[in-house]
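K.L.:
coordinates for the following, if possible.
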Amino acid sequence: MHQVQLGLMLTALSAGGFSLERVWLNYCAMGGLMTETQVGAFLQGDSSTGDMGPGDLERDILAHAINEMFWDRDLPSCVPYVLDSMGSARTSEGPSISAAAAWLLTEEEAEQERLRSLTASGLLASGPDHALDALVVEARDTFAVSSASVSLIGADHQYLKASVGPLRQLLPRRESFCDEVIRTSAPLVLPDTLGDHRFRHHPLVVDEPSLRFYAAYPLRGPGGWNIGTFCILDQHPHGFSAGDRRVFHGFANRAQWEVRRHTDDGAAPCNEMSGR
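P.N.:
Numbering: from 1, shown residues only. Purely as a prediction, here's the structure:
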């Protein structure tokens with residue numbers, strides 16, 4: 001799989017005419033840790049990127065950076081992912097057990113079913129969703145906050161399917177507010193993060209982007225499993241009235257409808273590279 005991924009990265013770079021510098025900048029913006037020299041050496045098959053080369057997550061961040069550059073041109077790209085949590089194991093087969101029966105499963109088994117639901121949704125393996133892009137912008141403007149997003153929670157990371165504002169595209173799952181929402185399967189509203197003992201010392205609160213307000217609803221994939229969230233965020237505390245909660249619930253319902261529509265339609269197959 002590693003050699004296939006590398007080969008298709010090179011094919012994509014050639015087809016897209018992308019420079020190493022541009023690829024590296026996009027990769028860094030997504031949280032990649034390799035230097036431009038290391039990325040170049042890896043793409044040339046040089047082992048100097050490390051004793052074993054880059055890890056699977058670094059490879060997948062690079063793959064996603066390349067894919068996104070194609071999506072920005074409204075073109076398909078087919079660089080696959082190594083980690084299932086990035087969507088590489090996507091098949092038409094959904095979870096074998098619905099979320100309603102989660103109590104019958106161990107924590108590990110339930111997580112595997114949830115990841116199958118995420119993979120079967122096709123959301124991680126597809127390009128931008130213009131309806132969700134428009135929805136997060138509308139939510140940001142409606143609530144006068146800095147950011148809004150539709151996030152997807154993989155095995156080890158959070159990925160933003162749609163976002164507006166100063167948010168990182170990829171974030172370790174352990175650093176994500178949204179992980180709390182999918183674990184509890186309930187909406188979460190934090191009018192002031194400093195007032196909640198669970199989050200007042202959180203890296204996203206004490207460091208950039210210095211979040212003080214957060215509100216989110218869980219989003220469900222095939223089988224009813226929580227695969228992500230719809231959320232709004234800001235660097236200032238916000239009051240959140242009962243009326244605000246009703247409006248926000250309406251936005252979350254619209255996001256859920258888009259997730260369901262995407263899952264029902266299925267993502268377009270990606271089996272050949274498009275040129276410019």
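K.L.:
burial count for the nearest residue to residue 210 once chain neighbours are set aside?
P.N.:
Nearest residue to residue 210, sequence neighbours excluded (C-beta to C-beta, 6 or more residues apart in numbering): residue 235, at 5.2 Å. In this view, the C-beta of every residue, glycine as well, is placed from N, C-alpha and C. Residue 235 sits with 15 neighbouring residues when counted by other C-beta atoms under 10 Å.
K.L.:
repeat for residue 132
P.N.:
For residue 132, using other C-beta under 10 Å, the count is 21.
K.L.:
what helix or strand does it sit in?
P.N.:
Using DSSP states H and E, residue 132 sits in helix 130-143.
K.L.:
returning to what we had before: tell me the pLDDT at the residue nearest to residue 210?
P.N.:
Note on residue 235: pLDDT of 92.
K.L.:
model confidence over the helix or strand hosting residue 7, on average?
P.N.:
Assigned by DSSP H and E, residue 7 falls within helix 2-16. Computed over helix 2-16, the mean pLDDT rounds to 81.
K.L.:
can you check stretch 23-38 too?
P.N.:
Averaged across stretch 23-38, the pLDDT comes to 83.
K.L.:
any idea how far apart the tips of that stretch sit?
P.N.:
Stretch 23-38 has an end-to-end distance of 12 Å (C-alpha to C-alpha, to the nearest Å).
K.L.:
buried stuff in it?
P.N.:
Across stretch 23-38, burial judged by 16 or more other C-beta atoms under 10 Å covers 23, 24, 26, 27, 28, 30, 31, 32, 34, 38.
K.L.:
OK, contacts around the first one?
P.N.:
Going back to what we said before, that points to residue 23. Counting by C-beta atoms under 8 Å, 6 or more residues apart in numbering, residue 23 makes contact with 13, 39, 62, 65, 66, 69.
K.L.:
one step back: just the buried residues of the helix holding residue 7, please?
P.N.:
Buried residues in helix 2-16, counted by 16+ other C-beta under 10 Å: 5, 6, 8, 9, 12, 13, 15, 16.
K.L.:
just stretch 185-194 next, same as before
P.N.:
Of the residues in stretch 185-194, those buried (16+ other C-beta under 10 Å) are 187, 188, 190, 192, 193.
K.L.:
thank you kindly, that will do.
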